[in-house]
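J.: Give me a 3D structure for the following:
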Amino acid sequence: MPGPPSAAVWEALACPQCHNPLRPSASGVRCDGCSFDYGRTAWGALDLRLRKGRRYPVSFSVGPAAAPDDDPAFLPLPAHPAPEVDFTGIPRPRNLSLEFLSHFPRARARPALLLDLGCGQAIHRPICEHAGYEWVGVDQAAKEAPFLADAHSLPFRDQTFDCVLTVAVFEHLRFPFVAIEEIHRVLKPGGKLLGTVAFMEPFHGDSYYHHSHLGTLNTLRHGGFTVQYVAPFVHWSGLLALTQMGLFPRMPLSLASLLVTPLRWAHLLWWTIAGWLRLTPPEKRLRNTTAAFAFVATR
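T.: Got it, this is the predicted structure:
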């Protein structure tokens, strides 16, 4: 059962419907602005999901536009040359590479809040707390999350979090442009956003929009972020994802990898030959065939 929120987290909470402050009530919390009561689940999580529909204005500028000169290279994520946090000896979730963790910022002050958006079974909590943050786990339904909420209307005040982590979440959102604006709203200026998003993974868990490299970049920039990296996964290819998630669901990853080995070698050979013949730029190989992208951005 989730523990009680700290004073810093209580101060950060806001009504997801109108963003007015919340105050404790007999059932959980209450908003004096819109008079909604938010109770707790049977397992103790504070349920801050929207109680009714909410209109969210989103605007787009359309028309001819040249590609910016500062587009990222869309190459595999390099390790940071001077990591702020040493994760040696800390158990690492399989979905977070060492290169990804090397970009994890250290908390600058106490308390420093980190939003783990789509926290699932809270497997990232030790990583976040080791970096000095107070972990705030939010999910749509997971029982390990201390808060249930909708990514399209986050129940927090503006400029609350020092860092946001969102792993394999954006493909499951109906309106990613709304969610990225919400993340920008609750993140402090200079705060960092780190995450991943599916690309060539099969449909799974009610996924909506799988993002290409340009789609990921476009979503992040729409939210107002400065993007450092949009990087293809090196060892999680679309071919492997299709085999392990689509053709043979729940097959052990080692066996799925063995099955696709002949095609993987043929794939590498073909791209090598194409590179020699200058038919296809070799840097497109991973970008075009990866199962997911990692991204690092700053507010």
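
J.: So which elements touch the helix or strand hosting residue 270?
T.: When secondary structure is defined by DSSP states H and E, residue 270 falls within helix 253-276. Counting contacts by 3 or more CB pairs under 8 Å, 6 or more residues apart in numbering; DSSP states H and E, helix 253-276 packs against helix 238-241. Placement of C-beta: from N, CA and C, glycine included.

J.: which residues touch the helix it packs on?
T.: When contacts are defined by CB atoms under 8 Å, 6 or more residues apart in numbering, helix 238-241 is touched by residues 199-202, 253, 256-257, 260, 263-264, 267, 289-292.

J.: make it 7 Å
T.: 200-202, 256-257, 260, 263-264, 289-291 (CB atoms under 7 Å, 6 or more residues apart in numbering).

J.: same check, this time on stretch 93-108
T.: Contacts of stretch 93-108 (CB under 7 Å, 6+ apart): 77-80, 83-85, 87, 92, 123-124, 127, 131-133, 162-163, 167-168, 192, 194, 294, 296.

J.: May I see the buried residues of that stretch?
T.: Burial within stretch 93-108, assessed by neighbour count using 16 or more other CB atoms under 10 Å, is assigned to 95-97, 99-105, 107.

J.: how about the residues you listed in JSON lines, adding distance to residue 239?
T.: Below are the buried residues of stretch 93-108 laid out as JSON lines (distance: CB to CB, whole Å):
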{"residue": "95", "distance to residue 239": "18"}
{"residue": "96", "distance to residue 239": "22"}
{"residue": "97", "distance to residue 239": "19"}
{"residue": "99", "distance to residue 239": "21"}
{"residue": "100", "distance to residue 239": "22"}
{"residue": "101", "distance to residue 239": "26"}
{"residue": "102", "distance to residue 239": "27"}
{"residue": "103", "distance to residue 239": "27"}
{"residue": "104", "distance to residue 239": "29"}
{"residue": "105", "distance to residue 239": "34"}
{"residue": "107", "distance to residue 239": "39"}
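
J.: of these, closest to residue 43?
T.: Within the buried residues of stretch 93-108, distances to residue 43 taken as CB to CB reach their minimum at residue 95, with 24.1 Å.

J.: Next, that closest one: secondary structure please.
T.: Classification of residue 95 using DSSP: H, G, I helix; E, B strand; the rest coil returns coil.

J.: Following the chain past the longest strand along the chain, name the next helix or strand.
T.: As assigned by DSSP state E, the longest strand anywhere in the chain is strand 187-198. Scanning forward in sequence from strand 187-198 by DSSP H and E, the next helix or strand is helix 213-222.

J.: The next helix or strand after that following helix packs against which elements?
T.: As assigned by DSSP H and E, the chain's next helix or strand after helix 213-222 is strand 226-232. Strand 226-232 is packed against helix 213-222, strand 292-298, with contacts defined by 3 or more CB pairs under 7 Å, 6 or more residues apart in numbering; DSSP states H and E.

J.: between strand 226-232 and strand 292-298, how big is the angle?
T.: The directions of strand 226-232 and strand 292-298 differ by 170 degrees, with axes from the mean of the first three to the mean of the last three CA atoms, to 10 degrees as the criterion.

J.: what does strand 226-232 rub up against?
T.: Strand 226-232 is contacted by residues 72, 74-77, 213, 216-217, 220-221, 286-287, 290, 293-298 when judged by CB under 7 Å, 6+ apart.

J.: For residue 91, see how far away residue 126 is.
T.: For residue 126, the distance to residue 91 (CB to CB, to the nearest Å) stands at 6 Å.

J.: Between those two, which has more neighbouring residues?
T.: Set side by side, residue 126 and residue 91 show unequal neighbour counts under other CB atoms under 10 Å, the larger going to residue 126 at 15 against 9.

J.: Can you pull the phi and psi angles for the more buried one?
T.: Geometry field for residue 126 lists phi and psi as phi -60, psi -40, criterion degrees, to the nearest 10.

J.: What's the per-residue pLDDT of it here?
T.: The pLDDT attached to residue 126 in the predicted structure is 95.

J.: now do the one 4 residues further on
T.: According to the model's per-residue confidence, residue 130 sits at a pLDDT of 96.

J.: ok now do it, which residues does it touch?
T.: The contact partners of residue 130, by CB under 7 Å, 6+ apart, come to 85, 87, 90.

J.: Among those, show me the least confident.
T.: pLDDT across the contacts of residue 130 is at its lowest for residue 90, which sits at 90.
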